[in-house]
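Trainee: Sequence plus the predicted model coming up.
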Protein chains: 2
Amino acid sequence: MRVYVQGSRRDVRVPFREVALSGDNPPVRLYDTAGPADSPPPPVRKAWLAERGAGTQLKFARAGLVTPEMEYVALREGVPVSLVLDELAAGRAVLPVNFNHPECEPMIIGKRFLVKVNANIGTSAVTSTVDEEVAKLQWATRWGADTVMDLSTGKRIHETREAILRHSPVPIGTVPIYQALEKVGGDPTRLSWPVYRDTVIEQAEQGVDYMTVHAGVLLRYIPLAVSRVTGIVSRGGSLLAAWCLAHHQENFLYTNFAELCEIFARYDITFSLGDGLRPGSVADANDKAQLAELKTLGELTKVAWRYDVQTMIEGPGHVPMHKIKENVDLQQEWCHEAPFYTLGPLTTDIAPGYDHITSAIGAAMIAMYGTAMLCYVTPKEHLGLPDREDVKAGVIAYKIAAHAADLAKGHPGAQAWDDALSKARFEFRWEDQFNLALDPDTARSFHDETLPAAPAKTAHFCSMCGPKFCSMKITQDLQQYAAAHGITLDEAVAVGMTEKSAEFVASGGEVYVSG
Amino acid sequence: MRVYVQGSRRDVRVPFREVALSGDNPPVRLYDTAGPADSPPPPVRKAWLAERGAGTQLKFARAGLVTPEMEYVALREGVPVSLVLDELAAGRAVLPVNFNHPECEPMIIGKRFLVKVNANIGTSAVTSTVDEEVAKLQWATRWGADTVMDLSTGKRIHETREAILRHSPVPIGTVPIYQALEKVGGDPTRLSWPVYRDTVIEQAEQGVDYMTVHAGVLLRYIPLAVSRVTGIVSRGGSLLAAWCLAHHQENFLYTNFAELCEIFARYDITFSLGDGLRPGSVADANDKAQLAELKTLGELTKVAWRYDVQTMIEGPGHVPMHKIKENVDLQQEWCHEAPFYTLGPLTTDIAPGYDHITSAIGAAMIAMYGTAMLCYVTPKEHLGLPDREDVKAGVIAYKIAAHAADLAKGHPGAQAWDDALSKARFEFRWEDQFNLALDPDTARSFHDETLPAAPAKTAHFCSMCGPKFCSMKITQDLQQYAAAHGITLDEAVAVGMTEKSAEFVASGGEVYVSG
């Protein structure tokens, strides 16, 4: 059930998903990305935007001003608003909300906050429709996507994006060069700054909250990347490489970066500085091309900050486990602690069809080391466009990775969810366990496959071990035995309990359920 | 295709799965657990056993004698036989092969070797049949299970195990206390050393290669565990706790451990010293109960080694990421570097239905830190008994975790598989990519869902990005352009290539595929 926590003003109403539990157990409140039941969602930020003058969240934070958005995310994360203010002001976090996306429920991305998950959707030239993409958006946020990137290519890009934005309670990101390429007939050598700039403004007016900009793909880095095992695997990166080489000019996103900052500042669009030279195989991880670009992204971060533009940095990709930490450490150092936003990374290349898993491993680790947002990878990665089930599989795998990292980082309150579920499990409160699960539908249906009857949902065992072998049941019997005899087990063991143990044997049924 | 590498004697024939590739690309040889096509498999070890006197692999290794089994695993792992000898002699690795399981293809478990994966199968009182379990065995080894544990309970335990052993090309493990419990009518207080010992001998005669023995669940540790969030979650652990407390006597497996060692030595059965007090929730991870038992397992390891009995140590369970490394470090220190064999660990409790993923994250990490074998967890964990698809999902997730760790540890040859697949991907050799995949069936079917036609399998793009946006295609064009003009891209950039770039623009079609 969606509940709201009221902030300091009436229209700051922060959503949570409240899970009611049986008996005396208090309800559990979880972070909720699903948006309100109304579709399209109401413009929750409209009044706030009307009240205040222009200015990015970074600008306000630097001035020490708490916006309603900042209060909102503080309540949402369960942290002091001062932490939000400090992290935003220092550039260590971003709060991506375009003035023209009032439907967006504010959220924050930074290493001191809950790890966030992005889901990519979007039409391609080969397949899929606008309605399908809106359905995917709603499906992705239902399962916990914190932001969604619309990576549409092909016809109807503008219309698809409009539909997604007007239906989205979460920030929407794009990669503007995809649409710019459509405008020049698909020929990367015909790309130009004016075409790109106009595309950015078109998308900015629609309300895109953050944009991937591959401004760090410099001419001199291209030879470093082209000779790799898998070359350049970023679409944007390869397009810009083709352009640079064809014109033998520096990347026009780099040379026009200041003007881009001015545009972004006007809408409070957040930079997602793209890693166009990210590795596409474990062989290419942490190589010269990747690291050269990363350093440039650090320089660009400083430029963006001069314009009060919020900035995060994209990261890889394919990275074996022992090279993951270095990615975060260098990114944090070279990019002045701007939030890191990585795609996985995949920890091995051998499992196409299962790259949500190869990458959930890397994602959990890189988030533990300080990455703020994880871009999901679906089972279809490298093979095809994700369908509805793939989107769900990708989001769930990444919510697991993000939450595992929240636990490892000791985020306040993160473990309460685990403890509530484990307690329900130990006490055989099956319905509570299902309702607390990340995916209640799947948990319930898996249980019901082997023990479908209603009584089984109150049974003190499951089909895994059966009644005689249920370790949790036996432990409970031991606890009850101790309680019934008015002793603690500690005492029982300490004083020696030959007599007590004789009783225990005599009572028989207490230690097992007869098969 | 299964191929064999011949050792120093005719009957040492080591299997590999050879993947033929298209064009000039050399075939790739992968470790193969699937067993020979013959079913039941031939007794490959029969002659070796007949030739030599009794003695465990540990005894021979300590004497500096290379058994055919040792040579076999050295060839299988691609390492010098001296490494096998040294690691076995030091107890840092085990080669689990019961004299009565001649069908077993030898394999080695230790931190200097490829990380191994165990799959649990077995009938329960509630569900499943003998034939189903044999089918699960074959299915599990087809997907890469290195060992299989038969955890059957209920009726027909002996018969199920016999069928599994006679069909198994991989070592089979059991937990003898399950069958002992059946023999005493399901009442743990009626368990006894004689019943247990006879059960071990019965299973030893059948050929069980390693056995889980919860000899570290001591009376004084029980109170530490019973008050946890999830108490005792090991079935064996809870049964022994109930027995200890009922009789107020020390665990009979601990008090009779020396006699157990004598039995194990007679058959060369390997100890898998069970972690009966492993944590069942992240709240209970690395607690006093768990660590107290671990220390006792270290003492028992020394005892087992005195009898030349090979020994590995079982580990958790549920452990948040930041507490994983400590598990390996303490186990290695306290248990004298005996191989560690862990169940996951699950890195969060919130995702029943997806615990193959919550635990693959922990498994990959714990293996990177030195765990030698990973016991799989299926999507049904905590909910029900795994079916065929769950077994496959569990094995695949764990092969990913194991291989990711092999890469991170720099195991010789591990990355060749990734590189071969990534090269095939970059060169759009779709069939090679599918054939090299951990699960070719799934990779192929995912690709075909959106681009089913045969020409798509030679296309230089896929449905993810479509032809215009294919970064790999664009990179190839750049490479070809450079090659065609007799320049390296380095030179082109270094000397400035205004002229060259004009040509590049003129040649047009080279940098993109017209949409």
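Mentor: Yep, that arrived. The structure presented is a predicted model; accordingly, all values stated were derived computationally and were not measured.
Trainee: Leaving out chain neighbours, which residue sits closest to A:Phe340?
Mentor: A:Thr371 (4.4 Å; CB to CB, 6 or more residues apart in numbering or on different chains). Using the backbone N, CA and C atoms, a C-beta is placed for each residue, glycine as well.
Trainee: Assign that neighbour to helix, strand or coil.
Mentor: Using DSSP: H, G, I helix; E, B strand; the rest coil, the secondary structure recorded for A:Thr371 is coil.
Trainee: Now do the contacts for it.
Mentor: Applying CB atoms under 8 Å, 6 or more residues apart in numbering or on different chains, one finds that A:Thr371 lies in contact with A:Lys111, A:Val115, A:Gly315, A:Val328, A:Phe340, A:Tyr341, A:Thr342, A:Ala363, A:Ala405.
Trainee: what does A:Gln433 give?
Mentor: A:Leu421, A:Ala424, A:Arg425, A:Ala443, B:Pro352, B:His382.
Trainee: Show residues contacting the strand or helix carrying the third one.
Mentor: Using DSSP states H and E, A:Arg425 maps to helix A:414-426. Contacts with helix A:414-426, where a contact means CB under 8 Å, 6+ apart, come from A:21, A:25, A:28, A:30, A:114, A:403, A:406-407, A:430, A:432-433, A:436-437, A:472, A:475-476, B:229-231, B:280-283, B:318, B:320, B:348-350, B:352, B:382.
Trainee: Please repeat the previous calculation with a cut-off of 6 Å.
Mentor: By CB atoms under 6 Å, 6 or more residues apart in numbering or on different chains, the list of residues contacting helix A:414-426 from outside reads A:28, A:406-407, A:432-433, A:436, A:472, B:229-230, B:281-283, B:348-350.
Trainee: Repeat that for stretch A:374-386.
Mentor: A:117-119, A:124, A:127, A:343-344, A:352-353, A:355-356, A:359, A:363, A:367, A:390, A:393-395, A:398, A:402, B:446-447, B:449-450, B:463-464.
Trainee: any chance you could map the strands in chain A?
Mentor: Along chain A, counting by DSSP state E, strands occupy A:2-6, A:13-19, A:28-31, A:93-94, A:109-110, A:116-121, A:147-150, A:172-174, A:210-213, A:270-273, A:311-315, A:340-343, A:373-375.
Trainee: Partner strands of the fifth one and their direction?
Mentor: Looking back up the chat, that one is strand A:109-110. Partner strands and pairing direction for strand A:109-110 (DSSP bridges) are strand A:93-94 (antiparallel).
Trainee: which of the residues in stretch A:332-339 are buried?
Mentor: Judged by neighbour count using 16 or more other CB atoms under 10 Å in any protein chain shown, the buried positions of stretch A:332-339 are A:Gln332, A:Trp334, A:Cys335, A:His336, A:Glu337, A:Ala338, A:Pro339.
Trainee: In helices only, show me the residues you listed.
Mentor: If you go by DSSP state H, the buried residues of stretch A:332-339 have A:Gln332, A:Trp334 in helices.
Trainee: Adding pLDDT, write the buried residues of stretch A:332-339 out as JSON lines.
Mentor: Below are these laid out as JSON lines (pLDDT from 0 to 100):
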{"residue": "A:Gln332", "pLDDT": "98"}
{"residue": "A:Trp334", "pLDDT": "98"}
{"residue": "A:Cys335", "pLDDT": "98"}
{"residue": "A:His336", "pLDDT": "98"}
{"residue": "A:Glu337", "pLDDT": "98"}
{"residue": "A:Ala338", "pLDDT": "98"}
{"residue": "A:Pro339", "pLDDT": "98"}
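Trainee: The buried residues of stretch A:332-339: which two are farthest apart?
Mentor: Spatially, the most separated pair among the buried residues of stretch A:332-339 is A:Trp334 and A:Pro339, at 13.7 Å (CB to CB).
Trainee: contacting residues for A:Arg29?
Mentor: A:Phe16, A:Glu18.
Trainee: Please disregard the earlier target; I meant A:Pro345.
Mentor: A:Pro345 is in contact with A:Pro316, A:Gly317, A:His318, A:Val319, A:Gly362, counting by CB under 6 Å, 6+ apart.
Trainee: neighbour-wise, which of those residues leads?
Mentor: Neighbour counts for the contacts of A:Pro345 (other CB atoms under 10 Å in any protein chain shown) peak at A:Gly362, which has 32 neighbours.
Trainee: That residue - nearest residue in space that isn't next to it in sequence?
Mentor: A:Pro345 (3.9 Å).
Trainee: Look up how far B:Pro440 lies from A:Leu191.
Mentor: 38 Å (CB to CB, to the nearest Å).
Trainee: Would you mind telling me which of these two has more residues around it?
Mentor: When A:Leu191 and B:Pro440 are compared for neighbours, A:Leu191 comes out ahead with 22 against 16, by other CB under 10 Å.
Trainee: Nearest residue to the more buried one in space, ignoring adjacent ones along the chain?
Mentor: A:Trp243 (5.2 Å).
Trainee: before we move on, what about A:Lys288?
Mentor: Nearest to A:Lys288 is A:Leu224, by CB to CB, 6+ apart, at 4.9 Å.
Trainee: Repeat that for A:Lys183.
Mentor: A:Lys183 sits nearest to A:Val195 (CB to CB, 6+ apart), 5.5 Å away.
Trainee: mind checking pLDDT for the one you found?
Mentor: Looking at A:Val195, its pLDDT stands at 98.
Trainee: Now do it against chain B, distance only.
Mentor: Using CB to the nearest CB, to the nearest Å, we find A:Val195 at a distance of 15 Å from chain B.
Trainee: quick one: that residue and A:Asp187, what's the gap?
Mentor: For A:Val195, the distance to A:Asp187 - CB to CB - is 11 Å.
Trainee: In chain A, where is pLDDT below threshold?
Mentor: A:124-128, A:454-455, A:458, A:461-467, A:482, A:485-515 (pLDDT under 70).
Trainee: and with 50 instead?
Mentor: Along chain A, segments meeting pLDDT under 50 span A:497-498, A:508-515.
Trainee: Spatially central residue for it, please.
Mentor: A:Val117 (0.7 Å; CA atoms, centre = their mean).
Trainee: Would you agree that one is in contact with A:Ile400?
Mentor: No: under the criterion of CB atoms under 6 Å, A:Val117 is not in contact with A:Ile400, lying 9.7 Å apart.
Trainee: So which bits of the stretch 251-400 of chain A are right by chain B?
Mentor: Proximity of the stretch 251-400 of chain A to chain B, by CB under 6 Å from any CB of the partner chain, involves residues A:281-283, A:320-322, A:347-354, A:357-358, A:360-361, A:364, A:368, A:380, A:383-385, A:396-397, A:400.
Trainee: give me that answer again for 7 Å
Mentor: When proximity is defined by CB under 7 Å from any CB of the partner chain, the stretch 251-400 of chain A lies next to chain B at A:281-283, A:320-322, A:347-354, A:357-358, A:360-361, A:364-365, A:368, A:379-380, A:382-385, A:396-397, A:400.
Trainee: Spatially, which two of the contacts of helix A:414-426 are the most separated?
Mentor: Taking CB to CB, no two of the contacts of helix A:414-426 sit farther apart than A:Asp406 and A:Met472, at 26.0 Å.
Trainee: What residue, apart from its backbone neighbours, is nearest A:Ala405 spatially?
Mentor: Once flanking residues are discounted, A:Ala405 sits nearest to A:Ala367: 3.4 Å by CB to CB, 6+ apart.
Trainee: dump the residue contacts of A:Ile263.
Mentor: Counting by CB atoms under 7 Å, 6 or more residues apart in numbering or on different chains, A:Ile263 makes contact with A:Val200, A:Ile201, A:Ala204.
Trainee: gap between it and chain B?
Mentor: The value you get for A:Ile263 to chain B, if CB to the nearest CB is used, is 24 Å.
Trainee: Identify those among the contacts of A:Pro345 that sit within helices.
Mentor: Using DSSP H, these in helices are A:Gly362.
Trainee: which among the contacts of A:Pro345 gets closest to B:Phe264?
Mentor: A:Gly362 (39.9 Å).
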